[in-house]
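[1] give me a model of this one.
(one chain, ligands or ions: 1)
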Amino acid sequence: MKTKLIIGGVAILVVGAAIGAWATYSFAQNLIMENLPIGTASLDEKDSYIKAAPDLNPLQPKQLKVPSSKAKNVILLIGDGMSISQISAYRLINGGPNSRISVDKFPYSGIVLTHSENGIVTDSASSATAYSTGFKTNNTYLGLDANKNTLENLTETLDRSGYISSLLATSEITHATPAAFVAHVDLRWKTDEISSQMVNSNIVTFLGGGRHFFLPEEMGGKREDGRNLLQEVSDSHVLLKTKEEMTNFDLNLPGRVFGLFADEHIRNIETPDNHVFEPSLTDMLEFSVNRSDYFIDNGCAGFFIMAEGSQVDWAGHVNSLDYLNNEMQDFDSAVDWALNYAIENSDTLVVVTADHETGGLLIEPANPVDYSGDKVKFSFNTAVGRGTHTGVPVPVYAYGPGAENFTGTLDNTDIYRAILASLETDSNSGSCIN
Ligand SMILES: [Zn+2]
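    Numbering: from 1, shown residues only. Coordinates of the predicted model:
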């Protein structure tokens, strides 16, 4: 009887303690909730701190290893505005936390610091110039150093060594990232100059949008110099205007290719009728690789392809998660294609990275005082509707000969050096383009 009473008493005490603990927890939770500015604060009211970043040290180039074997080809994929949060959002939304997307399959990865010569937060021009020349430069500059001296870019160096290069983008082809790999101008918005320099270059394949940047204003285009560069391109290059023309193109025919598949960017929501004529980034990548084989069969040493998922950045600028997801899907599929190509072709290095993060994308619990459950809140934490670039580092992923150099912490200028270190270059061999 006594034992039963003791057990009963202990049970009551345990239950009582549990109820007490729950009540205390619940009270604390309510107190936190009541004091959280949920739904009432704007981004302008968030805690923010402005600090100066001291410029105490010169740039320290990463010590690179000599790769055990050299690459013949390089595919560089740049997700504009894509950092870890964009990659994580894409992974979570489409397959959940345990799923794996294409970049997760790469054996080597690292962290890239993206600041420009004149700013902690880079623009696309400066960051792409770091990737294409190995030099920091001012924001808005393409292929020039901070003193506006012309820098030889990767595609020019490789051309002298008998390699061919292709530039692909889902934006207009004159946009900052592809432009940095071919042009030399002090303002990324000088598209008349950029497109003219593109036509005069030795790049064998340009694929993307941007027909309006090759047509004068009188013809409905955006050129201010009155020049009909589209006509000139059709004289000097093979001009492709639709995905079908690209797919049906006889790869045995000679000539450099200009594929311009939209008036401005590809998948423009204002021109839905044109979408059926537009290739995906994967379609463009596959074509440029196959097209490169033609030149290699005719004596070129290997290929370099830069493929940009341009509009990941634009989704961040306009704060649209659905737009981001669609663009990440297009980019992820191209990365997957490139990785599979490199698995089958062991002489190909694939590097995937970004130029900067855009939008300040945050991933939080849907309920800020309850971390359990599968609901996640995604929010853009730079200006609403016109988000900016941020200064957080971006990831880099690599597979193939020389991939071991893309690890640890790198400066964006190190990416250029690591790509070049993976290739056998001989500047005396000369261009293989007639
Ligand atoms: Zn960018």
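
[2] residues in contact with Glu327?
    For Glu327, the contact set (C-beta atoms under 8 Å, 6 or more residues apart in numbering) comprises 170, 309, 311-312, 314-315. Bear in mind the C-beta positions are built from the backbone N, C-alpha and C, glycine included.

[3] what is the mean pLDDT for stretch 229-246?
    Across stretch 229-246, pLDDT averages out at 98.

[4] what about the contacts of Glu327, which are in helices?
    Using DSSP state H, the subset of these located in helices is 311-312, 314-315.

[5] hang on, the earlier thing: okay if I get the contacts of Glu327 as a markdown table plus pLDDT?
    Formatted as a markdown table, the contacts of Glu327 follow (pLDDT from 0 to 100):
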| residue | pLDDT |
| --- | --- |
| Thr170 | 98 |
| Gly309 | 98 |
| Gln311 | 97 |
| Val312 | 97 |
| Trp314 | 95 |
| Ala315 | 95 |
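
[6] quick one on the thing from earlier: which of the ones in helices among the contacts of Glu327 sits closest to Gly402?
    Val312 (25.4 Å; C-beta to C-beta).

[7] would you check that the closest one makes contact with Leu77?
    No: look at Val312 against Leu77 with C-beta atoms under 8 Å: they stay out of range, at 11.2 Å.

[8] could you pull out the residues contacting both of those two?
    Shared contacts of Val312 and Leu77, defined by C-beta under 8 Å, 6+ apart, comprise Phe331.

[9] near the ion at all, stretch 128-144?
    No: remark: stretch 128-144 sits outside contact range of the ion, by C-beta under 5 Å from the ion, the gap being at least 7.4 Å.

[10] now, the most widely separated pair of the ones in helices among the contacts of Glu327?
    Across the ones in helices among the contacts of Glu327 (C-beta to C-beta), the longest gap, 7.5 Å, separates Val312 and Trp314.

[11] overlap in contacts of these two?
    Shared contacts of Val312 and Trp314, defined by C-beta under 8 Å, 6+ apart, comprise 81, 327.

[12] who's more crowded, the two?
    Val312 (30 against 20; other C-beta atoms under 10 Å).

[13] coming back round to it: which of the contacts of Glu327 come close to the ion?
    Near the ion, by the rule C-beta under 5 Å from the ion, you find none of the contacts of Glu327.

[14] nearest to Arg188, of those residues?
    Trp314 (14.9 Å).

[15] now for the residue nearest to Phe331 when sequence neighbours are not counted: which residues touch it?
    In this structure, Phe331 finds its nearest non-sequential neighbour in Gly309, 3.2 Å apart by C-beta to C-beta, 6 or more residues apart in numbering. Gly309 sits next to 77-80, 82, 170, 281, 327-328, 330-331, 334 when contact means C-beta under 8 Å, 6+ apart.

[16] pick out whichever of the residues you listed sits closest to the ion.
    Asp80 (4.0 Å; C-beta to the ion).

[17] residues from the stretch 51-200 of the chain in reach of the ion?
    So the stretch 51-200 of the chain meets the ion at 80, 124 (C-beta under 5 Å from the ion).

[18] for whichever residue of the stretch 51-200 of the chain sits closest to the ion, grab the count of nearby residues.
    Across the stretch 51-200 of the chain, the shortest distance to the ion (C-beta to the ion) belongs to Ser124, at 2.9 Å. Other residues near Ser124 come to 28 when the count uses other C-beta under 10 Å.

[19] contact partners for it?
    80, 175-177, 180, 188, 313, 355-356.

[20] do you know the pLDDT at the closest residue to the ion within the stretch 301-434 of the chain?
    Going by C-beta to the ion, the ion is nearest to Asp355 of the stretch 301-434 of the chain, at 4.2 Å. Listed pLDDT for Asp355 reads 98.

[21] cool, and the one 10 residues further on?
    Predicted confidence (pLDDT) at Pro365: the value is 94.

[22] and the most centrally placed residue in the chain, how close does it get to Asp370?
    Nearest to the mean C-alpha position of the chain, by C-alpha atoms, centre = their mean, lies Gly79 at 1.4 Å. From Gly79 across to Asp370, the span is 32 Å (C-beta to C-beta, to the nearest Å).

[23] immediately after the strand ranked longest in the chain, which helix or strand?
    Scanning the chain for the longest strand, with DSSP state E as the assignment, gives strand 164-172. Using DSSP states H and E, the helix or strand that directly follows strand 164-172 along the chain is helix 176-180.

[24] can I get that next one in CSV, CA atoms only?
    The C-alpha trace of helix 176-180 is given here as CSV (Å, rounded to 0.1, in the frame of the first residue of the first chain):
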residue,chain,number,x,y,z
ALA,A,176,29.0,41.8,-69.0
THR,A,177,30.1,38.2,-68.3
PRO,A,178,30.5,36.9,-71.9
ALA,A,179,31.8,40.4,-72.9
ALA,A,180,34.7,40.2,-70.4
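
[25] output the contacting helices and strands for that helix.
    helix 124-133, strand 164-172, strand 303-309 (3 or more C-beta pairs under 8 Å, 6 or more residues apart in numbering; DSSP states H and E).

[26] quick check: next helix or strand after the longest one?
    In other words, helix 124-133. Tracing the chain C-terminally past helix 124-133 and defining elements by DSSP H and E, one meets helix 154-160 next.

[27] now do that following helix: distance to the chain's middle.
    22 Å (C-alpha atoms, centre = their mean, to the nearest Å).

[28] am I right that Thr425 is in contact with Glu156?
    No: with contact defined as C-beta under 8 Å, Thr425 does not reach Glu156; the gap is 11.7 Å.

[29] now for Ala315: which residues touch it?
    81, 321, 323-324, 326-327, 358-359.

[30] need the helices for this protein, in chain order.
    With DSSP H as the criterion, the chain has helices spanning 2-35, 84-95, 124-133, 154-160, 176-180, 191-199, 229-236, 243-248, 281-297, 311-317, 321-344, 412-422.

[31] mind putting the ones you listed into JSON lines with distance to Asn147?
    Output for these, formatted as JSON lines (distance: least, C-beta to C-beta, whole Å):
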{"stretch": "helix 2-35", "distance to Asn147": "53"}
{"stretch": "helix 84-95", "distance to Asn147": "34"}
{"stretch": "helix 124-133", "distance to Asn147": "13"}
{"stretch": "helix 154-160", "distance to Asn147": "19"}
{"stretch": "helix 176-180", "distance to Asn147": "17"}
{"stretch": "helix 191-199", "distance to Asn147": "19"}
{"stretch": "helix 229-236", "distance to Asn147": "29"}
{"stretch": "helix 243-248", "distance to Asn147": "40"}
{"stretch": "helix 281-297", "distance to Asn147": "34"}
{"stretch": "helix 311-317", "distance to Asn147": "28"}
{"stretch": "helix 321-344", "distance to Asn147": "34"}
{"stretch": "helix 412-422", "distance to Asn147": "16"}
